[in-house]
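Q: what follows is a protein structure lacking sequence information:
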């Protein structure tokens, strides 16, 4: 309920202040496990993606944000869970796998951190590995306009014209026995980023 209320409020705010437009909703499966992946150039991206996606997403958020009890309560209410960046976080891995095995939707920014230039960075292998281990299709998404809006400030955010574009799902080659070869995950990661770039270019 809290997630739905916040998503509704975000949609109103984005429409009012930045000409929010969402396209490609027909590419988002209405049921079953999916991994929604997108570019990341602004702190506003999780809000825009969450507002635009018709499915309720579970996001990873850096563990430091959960140090504040009030913020942690809000983040958990928005279905986020902590991940310790720069190390192997088994708890975040377990939560991600449980999310997908339950037929839920997982939101991931493959770049791992915000791009300082707005250009795509190389992808970490997590999204590809989760997809290949569970069979969950990957839904690529492009978030356009948040980087410009974030840099200009909210008083000029309307000029940013924020767009979220969902592309056709990528269906993975499911790994045997849950083991994923590095070459296979790298290849899928490259495909993911290319699809995101294509969506950005066409937006």
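A: In hand now; what should we look at? The model shown is predicted, which means the values in this text are computed figures rather than measured ones. Numbers count the residues shown, from 1 in each chain.
Q: packing partners of the longest helix along the chain?
A: In terms of residue count, the longest helix belonging to the chain (DSSP state H) is helix 182-202. Of the remaining helices and strands, those touching helix 182-202 by 3 or more C-beta pairs under 8 Å, 6 or more residues apart in numbering; DSSP states H and E are strand 34-38, helix 126-134, strand 138-144. (Glycine included, C-beta is placed from N, CA and C.)
Q: now do the second one: everything it contacts.
A: Counting contacts by C-beta atoms under 8 Å, 6 or more residues apart in numbering, the residues outside helix 126-134 that touch it are 33, 35, 37, 96-97, 100-101, 106, 108, 110, 136-138, 170, 172-175, 178, 180, 184-186, 188-189, 192.
Q: looking at the helices and strands packed on helix 182-202, which is closest to residue 196?
A: Comparison of the helices and strands packed on helix 182-202 against residue 196 by C-beta to C-beta identifies strand 138-144 as nearest, at 5.0 Å.
Q: check contacts around residue 29.
A: Neighbour list for residue 29: 137, 139, 169 [criterion: C-beta under 8 Å, 6+ apart].
Q: ranking these by neighbours, who comes first?
A: Neighbour counts for the contacts of residue 29 peak at residue 139, which has 24 neighbours (criterion: other C-beta atoms under 10 Å).
Q: bridging residues for that one?
A: Under the criterion DSSP bridges, residue 139 forms beta bridges with residue 36.
Q: for it, give its distance to residue 43.
A: With distances defined as C-beta to C-beta, to the nearest Å, the gap from residue 139 to residue 43 amounts to 22 Å.
Q: do residue 184 as well
A: For residue 184, the distance to residue 43 (C-beta to C-beta) stands at 32 Å.
Q: for those two, indicate the residue with more neighbours.
A: For residue 184 against residue 43, the residue with the higher neighbour count under other C-beta under 10 Å is residue 184, and the figures read 17 against 10.
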